[in-house]
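**Student:** give me coordinates for this.
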Amino acid sequence: MRIVVCVKFVPDIQSDRQLGPDGHVVRDGGDGTLNELDENAVEAALTLVEEHGGEVVVLTVGPDDAVDAVRKGLQMGADEAVHVVDDAAAGSDALGTAAVLAAAVRHLSAAAPVDLVLTGMAGLDGLTSLLPTALAEELDLPALPLAATLTVDPSAGTVTVTRELDHASEVLSAQLPALVSVTDQTNEPRYPNFKGIMAARKKPVTTLSLADLGVDPATVGTAGARTQVLEAAPRPPREDRVLLTDTGDAGARLAAWLVDRRLV
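**Tutor:** The predicted structure follows:
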């Protein structure tokens, strides 16, 4: 089984994040990291390969330092990594990014078939959750988004997921190849150990450009973006805070405040 995991390099969520004058997330204000929710996708892929055999390829699109995201995937145990880096891809929206990732997946499929594409449920920088289904559309694959559990039956060539909805659980199945996005309920990602970190140094990281993938630069990046941030402003400070000094009855006073406002 060959699994491609799409990951994203995002600003550290503990840093002060903001949008620049061009409406894009400022990505040079601090250290970046592998998107935390994508770690669940990497873990799901590694678990499936440990159970059924095969290989895991981590794939990202981004600037030079985005290679750190796929290196983290290699440290967790992925077999190889692909980094699509091209100035013309800068400023891509979710649809443009999906088009580049789809071209990269097709490029990988030419060497050996890809059975499953995994993603996290969202990127913590934008939180749109648009990319998984957009990527499935670009690849013409069945999409099983927001999976809380994930199993594969290689003999039947199927993947089955469980989705936890507000008032019900939903089970979806599809023939492979397929695309699945996983939630943070799916698993607990492993932490890279020293052996994995050292082994990752010897694993290949392939760098590709848009030309390598046959992608027209005019269709992606800022030039091809179909969405645009028209205006952004810092979130105003809250002015409706109520501070209670505990003199032994703070719990009762807080409960009364909630009851008065019909919040309980």
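**Student:** OK, contacts around residue 157?
**Tutor:** For residue 157, the contact set (Cβ atoms under 8 Å, 6 or more residues apart in numbering) comprises 175-176. For every residue, glycine as well, the C-beta is placed using N, CA and C.
**Student:** swap in residue 258?
**Tutor:** residue 264.
**Student:** can you tell me the helix or strand for it?
**Tutor:** helix 250-260 (DSSP states H and E).
**Student:** buried ones in that helix, by neighbour count?
**Tutor:** By neighbour count on 16 or more other Cβ atoms under 10 Å, the buried set for helix 250-260 is empty.
**Student:** repeat that for stretch 41-56.
**Tutor:** Those would be 41-49, 54, 56, for stretch 41-56 by 16+ other Cβ under 10 Å.
**Student:** is it possible to get CSV of the residues you listed that adds pLDDT?
**Tutor:** CSV is the format used below for the buried residues of stretch 41-56 (pLDDT from 0 to 100):
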residue, pLDDT
41, 96
42, 96
43, 97
44, 97
45, 97
46, 97
47, 97
48, 97
49, 97
54, 96
56, 97
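**Student:** just those now: which is nearest residue 163?
**Tutor:** Using Cβ to Cβ, residue 44 comes nearest to residue 163 of the buried residues of stretch 41-56, at 14.3 Å.
**Student:** name the SS class of that closest one, please.
**Tutor:** Secondary structure for residue 44, judged by DSSP: H, G, I helix; E, B strand; the rest coil, is helix.
**Student:** one more: residue 146?
**Tutor:** At residue 146 the chain is in strand, as set by three-state DSSP.
**Student:** look up how far residue 170 lies from the residue nearest to residue 188 when sequence neighbours are not counted.
**Tutor:** Of all residues not flanking residue 188 in the chain, residue 43 sits nearest, at 7.4 Å (Cβ to Cβ, 6 or more residues apart in numbering). Distance of residue 43 to residue 170, computed by Cβ to Cβ, to the nearest Å: 22 Å.
**Student:** hang on, isn't residue 72 packed against residue 189?
**Tutor:** No - using Cβ atoms under 8 Å, residue 72 is not in contact with residue 189; the gap is 10.1 Å.
**Student:** so what sits against both of the two?
**Tutor:** Joint contacts of residue 72 and residue 189 (Cβ under 8 Å, 6+ apart) are residue 39.
**Student:** comparing the two, which shows the higher neighbour count?
**Tutor:** The neighbour comparison of residue 72 against residue 189 (other Cβ atoms under 10 Å) goes to residue 72, with 23 against 19.
**Student:** so the nearest residue to the more buried one once chain neighbours are set aside bridges to which residues?
**Tutor:** Sequence neighbours aside, residue 34 is the residue nearest to residue 72 in space, at 4.2 Å (criterion: Cβ to Cβ, 6+ apart). In this entry, residue 34 is beta-bridged to residue 9, by DSSP bridges.
**Student:** quick one: pLDDT of residue 34?
**Tutor:** You'll see residue 34 listed with a pLDDT of 88.
**Student:** rewinding a little: from residue 216, how far off is the residue nearest to residue 188?
**Tutor:** Following Cβ to Cβ, the distance that separates residue 43 from residue 216 is 35 Å.
**Student:** span of stretch 63-70 from start to end?
**Tutor:** When the termini of stretch 63-70 are compared using Cα to Cα, to the nearest Å, they are 12 Å apart.
**Student:** please disregard the earlier target; I meant stretch 71-87.
**Tutor:** Across stretch 71-87, first to last residue, Cα to Cα, it's 21 Å.
**Student:** residue contacts, residue 8?
**Tutor:** So residue 8 contacts 34-35, 38, 60, 62, 66, 69, 120, 123, 125 (Cβ under 8 Å, 6+ apart).
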